[in-house]
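[1] A predicted structure for the sequence below; I have some questions about it.
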Amino acid sequence: MGTIINIGFSKTASSWFQTYFYPNIQNIGFINKHIIREQIIEPNSFDFNPDKIKEYFKVNYSNRLLLSHENLVGPVNSGGLNGFATKELGIRIKSIFPDANIIIFIRNQADIIASAYLQEIMEGSTYNIDSFLYHKGKNLYNNMMMFSFAFLEYDKTIKFYYDLFGQNKVHIFLYEDFLNDKLNFLTNFCSIFNLEINFNNLNKEKYNNRLQKYLFPLVRGSNFFTNKNTVFKHYLFNIPYLFPVSRKIFFYANKFKVFGNFPTSVQILGEKNYNYINDYYRVSNNVLHDKFGINSIKNYNYPL
């Protein structure tokens, strides 16, 4: 089996796989995500040269390759730039690695949206959940940098990759399966792709945790006093060095369960938004279930 490329989606344990799992596989060459950004994601469309990039990988890496970057499918908080990044990057991947095996991780949409919103808060956003979800800016290009419900209609991205690479080359995994039984999931994962790893040395702890209930308003409140760059942002004035110092404090504090429980997706989104999200994705998820045969989504409360 040739090159393996994990394209995302974000908030599906990508950081855990990139930090603890992929680098420890013994019979494959894992490509640092900074190289992926430099070679595949960042080049201007008019300057992108697949032959040059093929040569780069051929010269610098002799082993079978594994690439993983959650933004290869496009960033979730900007909706894959209204789908433009999703399609463009898929075409780029095909032009460089025409016979690659594509890995796509999916997750219940309400949970992935809640986690994406919390990530924005940790990155400096001041928006409340409604402003994050239902922004109504007048500038077309600003809107393309914002969250989009359409991005998480997984059936569209999966069909796109089926058409590009063939269905037998596209492998769909559920984040919930991984979370439910890590060892069994990873054993099966390694069997599918013929990967060798020592599970005894593997760190199986969760890489990121949600902000605790009463820590969340402290983080969001501090964001009003930093000009940290994010499109989901208003601020009163900037206090120098507040952002990096406060993030270290908040990350450390979140390790101790003194700020309440980790909030559920319903608590983060609000019941009205949670119900809207479930209604929005029923059609798309039914395509996953009925047409693509991803039947296990019904085990994890995906809206159907």
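    Nice, I can see it.
[2] use CA for all of it now, contacts and neighbours both
    OK.
[3] Tell me the helix or strand right after the lowest-mean-pLDDT helix or strand in the chain.
    Of all helical and strand segments in the chain, the minimum by mean pLDDT, DSSP states H and E falls on helix 140-143, at a mean of 62. Past helix 140-143, further along toward the C-terminus, the next helix or strand under DSSP states H and E is helix 154-165.
[4] Please, where are all the strands along the stretch 1-150 of the chain?
    Using DSSP state E, counting those that start in this stretch, the strands of the stretch 1-150 of the chain run over residues 4-8, 29-31, 65-68, 101-106.
[5] In TSV: those strands, plus mean neighbour count, distance to H289 and mean pLDDT.
    Converted to TSV, the strands of the stretch 1-150 of the chain look like this (neighbours: other Cα atoms under 10 Å; distance: least, Cα to Cα, whole Å; pLDDT from 0 to 100):
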stretch	mean neighbour count	distance to H289	mean pLDDT
strand 4-8	22	20	96
strand 29-31	19	32	95
strand 65-68	20	26	97
strand 101-106	21	13	98
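[6] quick one: contacts for F46?
    Residues touching F46, when contacts are defined by Cα atoms under 8 Å, 6 or more residues apart in numbering, are absent altogether.
[7] per-residue confidence for it?
    Per-residue confidence at F46 stands at 94 (pLDDT).
[8] What does it show for phi and psi?
    phi -80, psi -20 (degrees, to the nearest 10).
[9] before we move on, the earlier item: redo the strands of the stretch 1-150 of the chain as TSV? Include distance to F259.
    Supplementary listing: the strands of the stretch 1-150 of the chain in TSV, determined by distance: least, Cα to Cα, whole Å:
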stretch	distance to F259
strand 4-8	31
strand 29-31	38
strand 65-68	34
strand 101-106	30
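[10] Which of these sits closest to F84?
    When the strands of the stretch 1-150 of the chain are ranked by distance to F84, counting by Cα to Cα, first place goes to strand 4-8 at 15.0 Å.
[11] Could you list every helix and strand in contact with the closest one?
    With contacts defined as 3 or more Cα pairs under 8 Å, 6 or more residues apart in numbering; DSSP states H and E, strand 4-8 has these neighbours: strand 65-68, strand 101-106.
[12] With just CA atoms, put stretch 78-86 into PDB.
    Included here for stretch 78-86 are C-alpha records, laid out as PDB according to Å, rounded to 0.1, in the frame of the first residue of the first chain:
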ATOM      1  CA  SER A  78     -13.700  29.200   7.900                       C
ATOM      2  CA  GLY A  79     -15.800  26.500   6.200                       C
ATOM      3  CA  GLY A  80     -13.000  25.500   3.900                       C
ATOM      4  CA  LEU A  81     -13.200  29.000   2.400                       C
ATOM      5  CA  ASN A  82     -16.700  28.400   1.200                       C
ATOM      6  CA  GLY A  83     -15.500  25.000  -0.300                       C
ATOM      7  CA  PHE A  84     -12.800  26.600  -2.500                       C
ATOM      8  CA  ALA A  85     -10.000  25.300  -0.300                       C
ATOM      9  CA  THR A  86     -11.600  21.800   0.000                       C
END
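[13] Before I go, just wanted to say thanks for your time.
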